[in-house]
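Participant: Sharing a model that was predicted from the sequence below.
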Amino acid sequence: MRIREIKGVSPKVMKVIQMMRLRKIFSGTFVKINKTSIAMMKMVEPYVAWGFPNLKSVRELILKRGQTRIGRRRVPLTDNALIEQHMSKAGIICLEDLIHEIYSVGKSFRAANNFLLPFRLSVPRHAARDKAGLMKDLGNPGFRATDVNSIIRLLN
């Protein structure tokens, strides 16, 4: 999830942030971890916080903030029929299947992740007032391992 403003960064860093679909501050996505994605994470480390969320965090995030694009509209993920209609080719027929596929990084992870729009996380009120004071509560950007769950709870 992106937790810092990126004004005046190099085009290469900007491109990596766009590839990760983190165009807005306080947005979040799921990324499959491999050698390439770790290299990309190191490049954008001053601007993003990342780690390994647990099943509870993934479930809460998708249930509360999960959206997809149908046509030109953002549609919240509330109806299993909508998910089945668009994701049945990947073997995903309900919200629980989608959550399990994202959490377990299964064979249809890429299709499931592309189906989801980047999460728009809520901004803590004090952070909206003072961008510089934000880091005191969220901590430093970079790799957090399982501590990323506390940030997800704070911003969800």
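Facilitator: Thanks, I have the structure now. Numbering: from 1, shown residues only.

Participant: alpha carbons only for contacts and neighbour counts from here, please
Facilitator: Fine.

Participant: Please enumerate the helices of this structure.
Facilitator: Remark: helices assigned in the chain by DSSP state H are 11-19, 35-43, 55-65, 80-87, 95-104, 109-115, 125-129, 134-138, 148-155.

Participant: quick one: the fifth one to chain centroid distance?
Facilitator: Meaning helix 95-104. Relative to its chain's centre, helix 95-104 lies at 14 Å (C-alpha atoms, centre = their mean, to the nearest Å).

Participant: what comes up buried for that helix?
Facilitator: With burial defined by 16 or more other C-alpha atoms under 10 Å, the residues of helix 95-104 counted as buried are 95, 97-103.

Participant: Skipping adjacent residues, who's closest to Cys94 in space?
Facilitator: Nearest non-adjacent residue to Cys94, counting by C-alpha to C-alpha, 6 or more residues apart in numbering: Asn80, 4.8 Å away.

Participant: Could you do Met1 as well?
Facilitator: Distances taken as C-alpha to C-alpha, 6+ apart place Gly28 nearest to Met1, at 4.0 Å, with adjacent residues excluded.

Participant: Return the distance of the one you found relative to Asp79.
Facilitator: Separation of Gly28 from Asp79 (C-alpha to C-alpha, to the nearest Å) stands at 22 Å.

Participant: Reformat the helices of the chain as CSV; add mean pLDDT and distance to Glu5.
Facilitator: Output for these, formatted as CSV (pLDDT from 0 to 100; distance: least, C-alpha to C-alpha, whole Å):
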stretch, mean pLDDT, distance to Glu5
helix 11-19, 91, 11
helix 35-43, 91, 15
helix 55-65, 91, 22
helix 80-87, 87, 33
helix 95-104, 90, 27
helix 109-115, 90, 24
helix 125-129, 55, 12
helix 134-138, 55, 11
helix 148-155, 82, 16
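
Participant: Make CSV out of the ones you listed and add distance to Arg74.
Facilitator: Listed next are these as CSV, based on distance: least, C-alpha to C-alpha, whole Å:
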stretch, distance to Arg74
helix 11-19, 19
helix 35-43, 27
helix 55-65, 11
helix 80-87, 13
helix 95-104, 17
helix 109-115, 11
helix 125-129, 24
helix 134-138, 28
helix 148-155, 20
